[in-house]
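**Q** I need the structure of the sequence given here:
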Amino acid sequence: MTIDLRLAHTADLDPDELRAVRALLDDAFDGDFSDEDWEHGLGGMHALLRDGAGLAAHGAVVMRRVRHRGRWLRTGYVEAVAVRADVRRTGLGGRVMAELERVIDRAYQLGALSASGEGALLYTARGWQRWPGQVHALSPDGIVRTPEEEGDVFLRPALAGPLDPAGELVFDWRDGDVT
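**A** Below is the predicted model of the structure:
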């Protein structure tokens with residue numbers, strides 16, 4: 001089976017491609033992929049894997065800012081990673097992540113993502129590290145702690161080097177889930 005990999009910015013995806021990505025995400029997340037989740041995955045680079053049956057896997061990396069120890073880091077944030085049900089556990093998620101990690105390593109100071117328990121297996125196998133410290137958000141009301149996000153954040157240090165878990169991470173604000 002031939003797998004075609006395409007890396008493209010959101011602006012370069014045509015409406016049919018965007019509909020295919022959204023459908024894949026809705027299926028992969030059993031209908032629990034909100035419009036806000038969709039918005040979070042737009043505006044950056046998309047890795048799309050196609051096979052003979054269509055879109056087989058997708059992931060995106062978008063730019064965010066994360067503050068650590070008083071320094072705002074240019075962060076490549078991984079969003080909307082999904083693999084079609086009939087081709088899961090065949091390495092396609094790893095291929096998508098390899099492409100997104102290449103972008104992060106070359107363009108950002110830090111890589112970050114939020115993972116479910118099932119998704120965490122893929123990321124830890126690829127060297128992503130669970131953030132053991134506190135997570136905050138720069139909200140419209142100032143900096144607020146988001147304890148519900150703690151334990152789900154994974155980092156790829158890229159150019160920033162190791163971060164001190166005694167210092168919190170402060171994510172830029174967005175509607176929906178902050179991380």
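**Q** In this structure, mark out all the helices, start to finish.
**A** 15-28, 35-40, 92-107, 117-125 (DSSP state H).
**Q** what's the closest of those to Ser139?
**A** Across the helices of the chain, Ser139 has its closest neighbour in helix 35-40 (15.1 Å, Cβ to Cβ). From N, CA and C alone the C-beta is placed, and that goes for glycine too.
**Q** quick revisit: kindly reformat the helices of the chain as a markdown table and extend each row with mean neighbour count, mean pLDDT and distance to Gly151.
**A** As requested, the helices of the chain are exported to a markdown table (neighbours: other Cβ atoms under 10 Å; pLDDT from 0 to 100; distance: least, Cβ to Cβ, whole Å):
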| stretch | mean neighbour count | mean pLDDT | distance to Gly151 |
| --- | --- | --- | --- |
| helix 15-28 | 15 | 97 | 22 |
| helix 35-40 | 15 | 96 | 19 |
| helix 92-107 | 19 | 97 | 20 |
| helix 117-125 | 14 | 91 | 10 |
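**Q** who wins for proximity to Leu163 among those helices?
**A** helix 92-107 (14.8 Å).
**Q** quick one, that closest one and helix 117-125 angle?
**A** 60 degrees (axes from the mean of the first three to the mean of the last three Cα atoms, to 10 degrees).
**Q** Helix 92-107 - contacts with which helices or strands?
**A** strand 4-9, strand 45-51, strand 54-68, strand 71-83, strand 110-114, helix 117-125, strand 153-156 (3 or more Cβ pairs under 8 Å, 6 or more residues apart in numbering; DSSP states H and E).
**Q** Tally up the residues packed near Ser116, please.
**A** 9 (other Cβ atoms under 10 Å).
**Q** these two touch, right, Asp164 and Arg69?
**A** Yes. Assessed by Cβ atoms under 8 Å, Asp164 is found in contact with Arg69 at 6.4 Å.
**Q** picking that back up, and the helices and strands packed on helix 92-107, which one averages the lowest pLDDT?
**A** Ranked by mean pLDDT, these bottom out at helix 117-125, with a mean of 91.
**Q** okay, the angle between that one and strand 71-83?
**A** 120 degrees.
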